[in-house]
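> turn this into a model:
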Amino acid sequence: MQAERLSIDELPTSEQFDQWDDEINSMPWPSHLAIDSPEHLHALTDRLDLGALRLLRLAQPSAAAVGTPSAVDPDQYHLVLPLQGELRLGNSTRSRVFTPGDMFLADTSCPHVLHADVPRAHQHPDVVPSSPVALRLQIPKELVPLPTDLMDSLMVTPLRQHNVFGLTLSRLLVDLLRHPGSFSAAQAHRLSGVLLELLAGVLGAHASEDATSEGAHDSLFIRVQDFIQRHLEDPELTPAQIAAEHHISRRHLQRLFQQRGITVAASIRQQRLERACYDLTAPHLATHPISAIAARWGFRHAADFSRAFRKAYGVTPSDFRLARTSRRCGP
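This is a model prediction of the structure:
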């Protein structure tokens, strides 16, 4: 794997600001920039695709960015890690300051104002002088199987890295961009699953620390979903096993999910089908039999997988794969 780099340093000075503003505005979280000295602009971005996820490293001078709801892809969450200086992010409901050691989630469907400010004394060694840096992980919302109201409550909230999940996630994100040549495209696809599991752990730990009597149910639900995500490949995964693992009754577990309009079994099946969808469209898995992909995600029998897939998406797995492959290879 190789990260894709865009740098404006080699452009004529008169074109640098407009090019960088266009680049930022074309992202799934578009913004327009205001920079104090646009004539002395040094900026770059590194992009790394990891299955359904995309990891970005952004470097630019201190600036303000004003964004409107994304017209590019409103169905994403962005996990942001400041690497130096301060990031001040505000939306319609709250405003927070984030520093290295924090991470936070943002919703691309929400307007925002972001200020980046990095003193010269705190320059990061990986970037050009005077460039504040943050990492941004772009995540499709459907891969975070938590209630919308719960996710909304976590937006623009500091998610501390000082637990095993946060430390592991932040270090892995940094290392992936430092050493993109150390893994293959197939491994990148698998790494996306690892990142999602670590994110679920971060959210679960955060909810556990901050849980109130009302929020305890949300905390338990996050921990249950984290457990499910880590065991989707196990065909033996059952509501009884999940309940026992969390020291609650099956009735309590079912009630926890029913409050969110879904059953435990349906949630497991939905997440397995979503993972299978991405595998069916992954170029490096194009020669894998559909039965192998079904088995990978906990379906014992290919026929059961085919029926569940067709019921959920209206097409068979083979037709779905063929349509996506034709679209990718067509003119």
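
> can you classify the spatially closest residue to residue 315 that is not a sequence neighbour by secondary structure?
Spatially, and ignoring its direct neighbours in sequence, residue 315 is nearest to residue 323 (7.4 Å; CB to CB, 6 or more residues apart in numbering). C-beta: built from backbone N, CA, C; applies to glycine. At residue 323, secondary structure determined by DSSP: H, G, I helix; E, B strand; the rest coil is helix.

> count the neighbours of residue 323 for me.
As a burial measure, residue 323 scores 12 neighbours (other CB atoms under 10 Å).

> now it: how far from residue 317?
11 Å (CB to CB, to the nearest Å).

> next one: residue 268
Applying CB to CB, the value for residue 268 to residue 317 is 18 Å.

> who has more neighbours out of the two?
Taking other CB under 10 Å, residue 268 and residue 317 do not tie; residue 317 has more neighbours (23 against 20).

> element containing the spatially most central residue of the chain, please.
Among the residues of the chain, residue 139 comes closest to the average C-alpha position under CA atoms, centre = their mean, at 2.7 Å. Assigned by DSSP states H and E, residue 139 belongs to strand 133-140.

> report the rounded mean pLDDT for that strand.
Average pLDDT, strand 133-140: 88.

> repeat for stretch 251-266
For stretch 251-266, the mean confidence score works out to 88.

> endpoints of it, how far apart?
Counting by CA to CA, to the nearest Å, you get 16 Å between the two ends of stretch 251-266.

> list the buried residues of that stretch.
For stretch 251-266, the neighbour count (16 or more other CB atoms under 10 Å) marks 253, 256-257, 260, 264 as buried.

> these in helices, which ones?
Among the buried residues of stretch 251-266, the members found in helices (DSSP state H) are 253, 256-257, 264.

> which pair in those residues spans the largest distance?
Largest separation among these by CB to CB: 256 and 264, giving 8.3 Å.

> and the longest helix along the chain, what's buried?
Secondary structure of the chain per DSSP H: the longest helix is helix 185-210. Within helix 185-210, the residues that count as buried by 16+ other CB under 10 Å are 188-189, 191-193, 195-208.

> picking up where we left off before, out of the buried residues of stretch 251-266, flag the one nearest to residue 60.
Distances from residue 60 to these, taken by CB to CB, are shortest for residue 260, at 39.8 Å.
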